[in-house]
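Chemist: Starting from these lines, generate the structure:
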Amino acid sequence: MEFKPWPKIPRIENKKEFYTEKIDGTNACIIVIPINSDESPTNPIVSLVTDYGYVGIWAQSRSRLITPKDDNYGFARWVEANAQELSKLGEGYHYGEWWGLGIQRGYNQTEKRFSLFNTKQWGPHNPNTPTCVSVVPTINVNSVEEAKTILIQNGSLAAPGFMNVEGVIVFEYNTKSYWKAIINK
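Modeler: Okay, the predicted model is just below:
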């Protein structure tokens with residue numbers, strides 16, 4: 001038998017929320033895992049040597065691993081083509097939104113783009129951010145209603161000039177919880 005304490009409950013008045021634009025695309029993930037060069041890894045899209053060793057790179061959609069032959073809107077092909085640059089993400093699962101030309105709203109884009117969700121780790125402040133990715137735009141406000149108002153009045157921050165925005169993502173630091181607030185379905 002082991003002791004399991006009840007978790008601390010954060011005070012509502014101390015909640016810390018963070019707001020980003022909810023981009024209407026398709027959920028995607030880049031997986032980077034170190035592998036032993038003597039092993040035959042289980043179906044990575046790409047295996048390559050990086051500054052920190054031999055790695056396998058995989059791609060996934062919201063519901064499954066994907067490959068260039070069994071793809072989701074061309075994401076796995078894009079990962080394959082950009083593998084060396086994407087290896088800068090380092091070991092882990094790197095989630096984001098694959099969006100733009102031909103995906104959901106399209107945002108009047110002429111190409112597809114990948115925007116990482118982890119704005120704390122990735123972006124202009126991190127020189128290791130791969131040049132082929134962006135991060136979801138943050139909205140510096142104090143409430144979900146303020147964030148929605150900014151997007152309704154100004155349109156997409158990810159694709160300036162595009163007015164049919166989907167909504168807002170709210171991240172609460174203390175509970176590490178996400179919520180979405182939809183503006184336009």
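Chemist: Looks like P44 contacts A59 (just checking).
Modeler: No. Counting by Cβ atoms under 8 Å, A59 is not a contact partner of P44; they are 9.5 Å apart. In short, each C-beta sits where N, CA and C put it, glycine included.
Chemist: Of the two, give the one with the bigger neighbour count.
Modeler: A59 (26 against 21; other Cβ atoms under 10 Å).
Chemist: these two touch, right, the more buried one and V79?
Modeler: Yes. Using Cβ under 8 Å, A59 is in contact with V79, at 4.2 Å.
Chemist: okay, and the common contacts of those two?
Modeler: Common contacts of A59 and V79, defined by Cβ atoms under 8 Å, 6 or more residues apart in numbering, comprise I30, I45.
Chemist: now what about the helix or strand bottoming out on mean pLDDT in the chain, what contacts it?
Modeler: Least confident helix or strand of the chain, by mean pLDDT, DSSP states H and E, is strand 46-50 with a mean of 74. Here strand 46-50 makes contact (Cβ under 8 Å, 6+ apart) with I35, P41, Y54, V55, G56, I57, V79, E80, A83, Q84, S87.
Chemist: Could you list the paired strands of that strand along with their orientation?
Modeler: Note on strand 46-50: by DSSP bridges, its sheet partners are strand 53-61 (antiparallel).
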